[in-house]
Each structure stands twice: as structure tokens, then as C-alpha cells.
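A.B. asks: this one's sequence-less:
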């Protein structure tokens, strides 16, 4: 049961990534698929003299990614019912 949850999670993540890539590839044909919103944090830097650690996170939400996520949810639902 726990393994299925991990598989469903990865199916959804991969669906979003593939949807974003497909929207980017098709941006000349269907430009609305690549339009979206970029959400994230500024870079946080920690200098420890021996090592410099930087952290930031950005998420680019496009229509293609949302369509990919929805298709992945449908696929995950089919996978979960088996």
C-alpha cells in the first residue's frame, strides 16, 4: 500500500514535468500552453568559510504543466484502482 502511494506521487510529478516540456515545445504552435506564473523564494546564502550553502526554490506553473498534472491524476486514479 505504501509503495503505491510513492508510485502515484512520481506519476503525478512526471506528468507535470512532461506537460511543462510539451507546452514549451509547442509554444510556437499553441502559445497559451507556455504561459504561466513563476512562484518562488529569493536565494538564501549561508557562508561557513569552508563551505557556502545556497538555497532557493522556484516553481513555474504553466497551462501545459496543469494539463499534464490533470492527465497524471487520471492515470494515477486508474493505477490506484487496480
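C.D. replies: Okay, I see it. Values in this document were obtained by computation on a predicted structure and should not be read as measured data. Residues are numbered from 1 along each chain as shown.

A.B. asks: just the helices in the chain please.
C.D. replies: 2-25, 63-81 (DSSP state H).

A.B. asks: List the buried residues for the shortest one?
C.D. replies: Put plainly, it is helix 63-81. Buried residues in helix 63-81, counted by 16 or more other CB atoms under 10 Å: 63, 64, 65, 66, 67, 68, 69, 71, 72, 76. Just so you know, the C-beta spots here come from the backbone N, C-alpha and C atoms, and that holds for glycine as well.

A.B. asks: same thing with the longest one?
C.D. replies: With burial defined by 16+ other CB under 10 Å, the residues of helix 2-25 counted as buried are 8, 11, 12, 15, 16, 18, 19, 20, 22, 23.

A.B. asks: Also stretch 28-38?
C.D. replies: 33, 34, 36.

A.B. asks: farthest residue from the center of the chain?
C.D. replies: residue 49 (34.0 Å; CA atoms, centre = their mean).
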